[in-house]
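J.: need a structure here:
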Amino acid sequence: MPNHIMAPIVEGFWKKREERMKKPKIVCLCGSTRFKDAFIKAQLEETLAGKIVLTIGCNMKSDTEIFGHLNKKEFAYIKIKLDELHKRKIDLADEVLVLNVNGYIGESTRSEINYAKIHGKPIRYLKEGGDEITNQRS
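T.: The predicted model follows:
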């Protein structure tokens, strides 16, 4: 076939290939493990939006529910390990979604936000103005 006939076919093939090859964005959910319903909802919404979702651990229970029986030293050690593991998820992510339910951002989440900022990750918040919200105890 002559080039002028093949050119649109080849161009169309490469354009479709580029569309097929587009990788979905990866979003990492950050927030207090006490808000498991928010994690479940955000995971579904982000997945339906075509994103790969990285979320907390493998169990939708709070850290206290899972590790509350440990002494303070053991609990602190596990918490540090889990926080570091979550930062590796932030490394993999294209963006971070902070689940600041009722404006709450705890110490671990604040650390993750700072880590994401240092590494140039775009950050979204469940509640508007989330970056101005400070730690709150509930």
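
J.: Going by C-alpha atoms from here, please, whenever you check contacts or count neighbours.
T.: OK.

J.: Can you report phi and psi for Glu95?
T.: Glu95 adopts backbone torsions of phi -160, psi 160, taken as degrees, to the nearest 10.

J.: Count the residues that sit near it.
T.: Glu95 has 19 neighbours, counted by other Cα atoms under 10 Å.

J.: who does it bridge with?
T.: Here Glu95 sits in beta bridges with Val27, going by DSSP bridges.

J.: Can you give me the distance of it to Arg124?
T.: To Arg124, Glu95 is 8 Å away according to Cα to Cα, to the nearest Å.

J.: Give the closest residue to Gly50 in space, chain neighbours not counted.
T.: The shortest distance from Gly50 to any non-neighbouring residue, by Cα to Cα, 6 or more residues apart in numbering, is to Pro24 (6.3 Å).

J.: tell me the contacts of the one you found?
T.: Residues in contact with Pro24 (Cα atoms under 8 Å, 6 or more residues apart in numbering) are 50-52.
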